[in-house]
Structures are given as C-alpha cells and as structure tokens.
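J.: This is a predicted model, with the sequence first.
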Amino acid sequence: MPIQQLPNHLINQIAAGEVVERPASVVKELVENSLDAGATSVQIDIVAGGQKLIRIRDTGTGIAKDELALALSRHATSKISCLEDLESVVSLGFRGEALPSIASVARLTLCSRVPGADSAWQIEIDDGKLGAARPAAHPVGTTVEVHDLFYNTPARRRFLKTERTEFEHIDKWLKRLALSRPDVAFLVNHNRRTVLQLPAAATEPERLARVGKILGAPFADNAVHIARETDGIALSGWLGLPTFNRSQPDMQFWFVNGRSISDKTLSHAARHAYRDVLFHGRYPAYVLSLTLDPATVDANAHPAKHEVRFRDGRRVHGVVSQAVEFALRETRPGGHVQPPASLAGHTAHTHGAFEQSAMRLPEVRETLAAYQSMAASMLSSKPATMPTLGFAIAQIAGTYVLAENKDGLIVVDMHAAHERILYEKLKADFDDNAVVRQPLLVPVTVAVAASEADLVADAASVFEKVGLVVDRAGPTSLVVREVPALLRDTDIEALLRDVLSDLTEAGQSNRIKDTMDEFLATMACHHSVRANRLLSIDEMNALLREMEVTKRADQCNHGRPTWTSISMADLDRMFMRGR
C-alpha cells in the first residue's frame, strides 16, 4: 500500500484503543474532566454496566457555545497551551483525546452552560458526524451522555465482560476519584438505583467518615492519619494499622498531585516502612496523597495516565518511606500520646527482670545485658495518672500478663512484647554506630548483566552507606570485597543480586539494612523472655512501662499483636450485668 494520511475518524478510533479500554475508562476520563472544571458535585448514572448509557453531570464552569464543537475535536484542550504547561501539568487531563476518542466508538451528547449565559447549548456526534449546536435546558455545568459504547466496533464489544463485572470496574475507579477529592460530592446510580452517595467532606473527621464509607468501617476504625512535609514533598492520608492487613495489595491507593496512579517506587517505599510490623506474605492498607512540584513529575508517561515518572525517584522514595515509618513508630500503647516520663511518688529499683542467654557476638550480649538491667520498676503506690496499660495483677499459663487500667482488662503476650522491646533497642544501638565492614578472605565474584554492572557505578554511594564494597571486574562481572560484619555468614551473591534487583525496580535498596534487621530480630526473639517463665508483679509492671515507651510496641517483630484490651462494658455485657 502507498503511504497515505489516515482519516480523522480512524485516528480517533486508534486513540480510543489506548484511552477507552472499557466503560470504566469512559467514566474515569469524563469525571476527571468534571473535576478539572471545578465541579463541587458530580452525578454519575450508569445503565447496563455502562454498555447502554453513561451519563456524567457536574456543577463545573461549563463550556461556551462556540467551544462545544472544538471540545470534540482531536487535541483540543483548555488545560495546556505550550511546552512549559506540559512540563508542569496540574490538571488530571491535558491531551485533548478523551472526548473525540469516546465519540468515535459511541453516540455522544454534550450539553453545557457557562455562568451568565441565557441558556445551555447541546451538540451531538454519531459515527464521527457532528451535529449543529442547539439550545437546551440545563443548569450551569456540563452533562455528557455516552450511549451504546462500541456499537460500531463489534470486535471491541465482544471483549466486554458481564454487566456486573463492568460496573465493578466503574465502581473501583469512582472510589479512587472520590478518595482523591473529598471536597467534591459524588452520587452514583446504576440501573436507576443509588449505589453510592458521598457528601463533600471539609473536616478531618468528615474525611475519615467518607473514607470509611468507601473502604469500609473496619479500615476507618484502624487508620492512623498522616500529614508530613519534607523538603518540598508533602505526604498526607490514612495508614491502616499493621493489625489491619490484607492477603493481597487490594487496598493500597496512591495519589500524586491529585492523580490516581500506580507506581513501583511508592509501593516499594511503603512496603519497606511496614517491614517490621507485618507478617510475611501480608499487605498493608493505606490511602496516601503525595504533593510535590509538578515540574518534578512527568504525568505524560502513560497513554491512560495511570503512571508517572519522578525526576528524582530516589529522593521521593526516601521521603515517603521515612514519613510512613515515622507515623508507624507510634503504634504502641497510648497511640500518639506520650505517656508520663516518670511516675510521681514511686522509687525505681533495678532487678533481674529477664533471663540472660549466651549470644554469638560478645558486643551484642553486652548490649542485651545492659538493656535487660534497665527494665525498671513498678512499685508500691499508684500514680495520680493511670498509665495506658495500667498495673499488672496476674499471669496466666506463664505466657500472658493480666493488667487493669482505667477502662478495664489488659492482656499482654509477654514474649511478643519483650521481643519488640529488645529488637527496637538493638536497632537503635546499631543505628547509632557506623556499619562495621569486614573484608572477605576470598572475594566473591558475581556474573551479572551489563546493565546491572552499570548500576554499581551509578549507585556507589548506596553501597558505601550500607557497608558493601563492590568493584567492577569486567563488562558483566562484579567482585564483592567487603560486607557488613553482621552479615559475614550470609549468602553474599544472593544478597548482591537482591540489592541490584531493588535498584532496578525502585531506584533505591534497603536490602542490606533489612537483612541486618532480620538478624537482630532473630536475636531479640531468641533472647526475649520465654513462655512458662514466671514473673513477679514488679517484673510484669516493668514490662508494661517499657511497652508504653517503645516504638511499634503494638506488634512483635513478626507482625503479631502484643496486647489487647477488654473494656468494663464488654465484661458487663459478657456476664449480663445490669439486665
């Protein structure tokens, strides 16, 4: 065939192959247009899973009469006008492809009214044929109706799933958009039945209630608010407590400058921050919004705008991981409220609170001995302010400590709790000192891909920081000469390959530190107080006081809960008191 210019309608249908995957894609594009137009409320009406009708009505600024036809032409938009705008995109849409692409595979009606206009104007397009604009009755804002999606492309229509499945995809995207814009009210109807109604939320309690309505009350009841800004990067949203975990990453929502995206760098940063408080194979839940300079984010990296690229992914990874980890540190008895630093009217005394065992490293053994001797006190009279975990009253089966606080009964798994206490103190001790490197008697040579060998030179500072000395011995060969002393008995080749894999995926690796933390966690587990070890009341109270000031003390190193509570109201209900 000779080279020829494609007709506009075919060009639009090719673009539709990227933009309009299914009815949910249409809903996403149109609702994003509504949000860009400044809508304070959006109504979405769906019939037959979006295959027969998709109607989006908003209260935005509207489209003027003389711009209606232009809005349905390819690469026409009000959101960017020059290269500088494209390099600092602040709107959800900017390509000017959505409306003409949708109109090429469906029958589309566009009706809009701008503030101050005497009436609204409506225009229709069918099979690429644009009708004339005519007056219509409509309030300020815009309504887009999409009928018979893929009616003229039967091959695409055959790929659609059942009505229920297609609406589930629509529902998923609408919830994402509603999470990103709590200031906008949403009303969703499917087959003339209201399935979701969300009023606008202005205050933090209202926003949490809205999140709970979207993701379920259990998430809202087990969520910690985060709001932190570092170096021009702001992270805000809700973190699910480690005890509220999932079997799959189905409740992880990321928004970058208001855009719902999936990103390996951000997911890796969050996964790293949760590493010490989750079971292996379990996934955290969170709703997180990242705000940063639009010029440092490439929003034009994916045809459907599902992904972004960061100019400095390593910096973003570090800020996000640190912010999430900082918030999770306060998952301890008492939450984010610091307990009293001292107990008035009490005299502390030192006692042999826990058994000591021989350890492989002399310096670690000395550290543990020092920490165990610090486990201080409880004592004769109760302070004016009741501690969060109250005061010990008994021990059950040599495993659980029972305590009473102002609200009722506290039950503590003493091994899990002491394990967390030792682990956090060991980590703090090792973090305060530079990583000690140990030269290998026989350097380890590792064959890698040329691209992986290039990473070693590009990320030299990363390797140096974690105590790994690696040299390039050839185009596809690396030599490991020194490793952190704690990891001298690990599989060096496997460790290096894991670090390279992390760098390739996320531009950042915490593999060395994670491996060292696993080693310290194992030591803490083996040397924490064991089951069937009888403790005195003073020893039990010393454990409770340590828990109250230890970071992440709500979970042990393996993600298991360390304590639970039963309120007096629950106890009264169990025994039917007051009935």
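T.: Yep, that arrived.
J.: and Ala453, that one's in a helix?
T.: Yes - according to DSSP: H, G, I helix; E, B strand; the rest coil, Ala453 belongs to a helix.
J.: does the closest residue in space to it that isn't next to it in sequence sit in a helix or strand, and which one?
T.: Nearest residue to Ala453 in three dimensions, chain neighbours excluded: Arg472, at 5.5 Å (CB to CB, 6 or more residues apart in numbering). For the C-beta atoms, the positions are set from N, CA and C on the backbone; glycine is no exception. When elements are assigned from DSSP states H and E, Arg472 belongs to strand 469-474.
J.: which stretches of the stretch 151-300 of the chain form strands?
T.: Under the criterion DSSP state E, counting those that start in this stretch, the stretch 151-300 of the chain contains strands at 185-190, 193-198, 223-230, 233-240, 252-256, 259-261, 286-291, 297-298.
J.: mind putting the ones you listed in CSV, mean pLDDT, distance to His138 and mean neighbour count included?
T.: CSV is the format used below for the strands of the stretch 151-300 of the chain (pLDDT from 0 to 100; distance: least, CB to CB, whole Å; neighbours: other CB atoms under 10 Å):
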stretch, mean pLDDT, distance to His138, mean neighbour count
strand 185-190, 97, 17, 19
strand 193-198, 96, 22, 14
strand 223-230, 92, 39, 16
strand 233-240, 95, 36, 21
strand 252-256, 95, 31, 21
strand 259-261, 91, 29, 21
strand 286-291, 96, 33, 22
strand 297-298, 88, 36, 19
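J.: Compare those strands and report which one is nearest to His558.
T.: strand 233-240 (17.8 Å; CB to CB).
J.: Could you export the closest one as CSV, CA atoms only?
T.: C-alpha atoms of strand 233-240 as CSV (Å, rounded to 0.1, in the frame of the first residue of the first chain):
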residue,chain,number,x,y,z
ILE,A,233,7.3,16.9,49.3
ALA,A,234,4.1,16.6,51.3
LEU,A,235,2.6,13.2,52.2
SER,A,236,-0.9,13.0,53.7
GLY,A,237,-3.7,10.5,54.1
TRP,A,238,-4.5,7.4,56.2
LEU,A,239,-2.4,4.4,57.1
GLY,A,240,-4.0,1.2,58.1
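J.: Hey, what's the angle from that strand to strand 252-256? Just curious.
T.: 160 degrees (axes from the mean of the first three to the mean of the last three CA atoms, to 10 degrees).
J.: chain center to strand 233-240, what's the gap?
T.: 8 Å (CA atoms, centre = their mean, to the nearest Å).
J.: just stretch 455-465 next, same as before
T.: 27 Å.
J.: Let's see that stretch as CSV, backbone CA atoms only.
T.: As requested, C-alpha coordinates have been extracted for stretch 455-465 and formatted as CSV (Å, rounded to 0.1, in the frame of the first residue of the first chain):
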residue,chain,number,x,y,z
LEU,A,455,24.2,0.2,38.5
VAL,A,456,27.1,-0.3,40.8
ALA,A,457,28.9,2.7,39.4
ASP,A,458,25.7,4.8,39.4
ALA,A,459,24.8,3.9,43.0
ALA,A,460,28.2,3.8,44.6
SER,A,461,27.0,5.9,47.5
VAL,A,462,24.3,3.4,48.3
PHE,A,463,26.7,0.5,48.5
GLU,A,464,29.2,2.5,50.6
LYS,A,465,26.5,3.6,53.0
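J.: Report the buried residues of that stretch.
T.: Using 16 or more other CB atoms under 10 Å as the test for burial, stretch 455-465 gives 455-456, 459, 462-463.
J.: Return the member of the residues you listed nearest to Glu539.
T.: Nearest to Glu539 among the buried residues of stretch 455-465, with distances taken as CB to CB, is Val462, at 43.3 Å.
J.: which secondary structure element contains Ser501?
T.: helix 492-506.
J.: Any buried residues in that helix, and which?
T.: 492, 495-500, 502-503, 506.
J.: following the one helix or strand in the chain whose mean pLDDT sits lowest, which helix or strand comes up?
T.: Least confident helix or strand, the chain: helix 362-373 with a mean of 49, by mean pLDDT, DSSP states H and E. With elements assigned by DSSP H and E, the helix or strand that comes after helix 362-373 is strand 391-396.
J.: got the contact list for that next one?
T.: Residues from elsewhere that reach strand 391-396, judged by CB atoms under 8 Å, 6 or more residues apart in numbering: 378, 382, 401-405, 414, 534-535, 537, 540-541, 544.
J.: Direction included, what does it pair up with?
T.: With DSSP bridges as the test, strand 391-396 is paired with strand 400-404 (antiparallel).
J.: Any idea how far the partner strand is from the middle of the chain?
T.: A distance of 34 Å separates the centroid of the chain from that of strand 400-404, by CA atoms, centre = their mean.
J.: what helices or strands is the helix or strand following that strand leaning on?
T.: Next along the chain after strand 400-404, taking DSSP H and E as the criterion, comes strand 408-413. In terms of contacts (3 or more CB pairs under 8 Å, 6 or more residues apart in numbering; DSSP states H and E), strand 408-413 is packed against strand 400-404, helix 537-548, strand 563-567, helix 568-574.
J.: Tell me which of the ones you listed lies nearest to Ile125.
T.: strand 563-567 (60.8 Å).
J.: hmm, back to that, with the contacts of strand 391-396 in mind, which one is nearest to Gly50?
T.: Looking across the contacts of strand 391-396 and measuring by CB to CB, the closest to Gly50 is Asn405, at 52.9 Å.
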